[in-house]
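J.: how would this look folded up:
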Amino acid sequence: MDSRRDRFEEIAPSLIEPVRRFLARRTDPATADDVLAETLLVCWRRVGDLPEEPLPWVYGVARHCLQNADRSARRQQRLAARIASVDPPAEAAPPPGEPDDDVAAALAALRPDDAELLRLWAWEQLTPAEIAVVLDITSNAASIRLHRAREKLKAQLRKVEAAAGHEETREGRRP
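T.: Purely as a prediction, here's the structure:
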């Protein structure tokens with residue numbers, strides 16, 4: 001087993017940069033990195049089959065691995081096109097669970113602990129007892145902190161709305 005490892009560690013450093021350049025001329029950087037890793041894995045598995053001058057053989061392996069990656073990418077694209085034709089994406093619908101700009105700004109203004117507590121409650125829809133488990137606090141403490149965090153969020157939302165030029169209605173009131 002050590003002889004396999006020794007052989008691989010002896011040749012791998014001299015192969016990495018030439019194969020990286022080989023792949024970089026043929027595909028995007030992320031795919032090149034993935035294919036390089038796959039190529040080195042094949043070299044490790046077949047270290048006994050490596051010829052005395054391994055680089056051309058390794059280029060062949062890299063070429064085959066790149067072809068596999070290209071086939072995989074084409075399959076993914078076909079599947080995405082098929083899904084899009086059956087269930088087209090909504091044009092301007094925001095992703096579910098994402099806050100609007102005012103809420104995001106108000107959350108960002110809160111302490112991180114309060115913002116996390118509110119996210120657990122609103123986004124993950126956890127009860128105060130479940131939040132207590134997540135935060136490793138008592139259920140009572142979670143309820144109290146949640147109440148306080150909600151009040152702070154309301155205050156922050158009022159500030160954000162006021163800064164954005166929203167005015168409270170004065171209908172039915174006398175100055």
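J.: find the nearest non-adjacent residue to W44, please.
T.: Nearest-residue entry for W44: F8, 5.5 Å, with adjacent residues in sequence omitted and distances by C-beta to C-beta, 6 or more residues apart in numbering. To be clear about C-beta, it is placed using only N, CA and C from the backbone, and glycine gets the same treatment.
J.: and the one you found, how far is that from I16?
T.: Separation of F8 from I16 (C-beta to C-beta, to the nearest Å) stands at 12 Å.
J.: and the two? Which one has more around it.
T.: Between F8 and I16, counted using other C-beta atoms under 10 Å, the more crowded position is F8 (16 against 13).
J.: which strand or helix spans A129?
T.: Remark: A129 resides in helix 128-135, with elements defined by DSSP states H and E.
J.: residue contacts, V86?
T.: With contact set as C-beta atoms under 8 Å, 6 or more residues apart in numbering, V86 has no partners.
J.: so what pLDDT did it get?
T.: Residue-level confidence at V86 comes out at 79, pLDDT.
J.: and what of the one 10 residues further on?
T.: The predicted local distance difference test score for P96 is 53.
J.: what residues of stretch 28-36 count as buried?
T.: For stretch 28-36, the neighbour count (16 or more other C-beta atoms under 10 Å) marks T31, A32, D34, V35, L36 as buried.
J.: for stretch 127-134, that is, sorry about that
T.: Within stretch 127-134, the residues that qualify as buried are P128, I131, A132, counting by 16+ other C-beta under 10 Å.
J.: now swap in stretch 17-24 and tell me
T.: Going by neighbour count (16+ other C-beta under 10 Å), the buried part of stretch 17-24 is V19, R20, F22, L23.
J.: does the second one touch D34 like I think?
T.: No. With the criterion set as C-beta atoms under 8 Å, R20 and D34 do not qualify as a contacting pair; they are 11.8 Å apart.
J.: and stretch 41-49, what's its mean pLDDT?
T.: Mean per-residue pLDDT for stretch 41-49: 94.
J.: quick one: terminal-to-terminal distance for that stretch?
T.: Its first and final residues considered, stretch 41-49 spans 13 Å by C-alpha to C-alpha, to the nearest Å.
J.: equivalent analysis for stretch 36-56, please.
T.: Stretch 36-56 has an end-to-end distance of 14 Å (C-alpha to C-alpha).
J.: check which residues of the least confident helix or strand in the chain by mean pLDDT are buried.
T.: Taking mean pLDDT, DSSP states H and E as the measure, the helices and strands of the chain show their lowest mean at helix 101-109, namely a mean of 81. Counting neighbours by 16+ other C-beta under 10 Å, one finds that the buried residues in helix 101-109 are V103, A105, A106, L107, A109.
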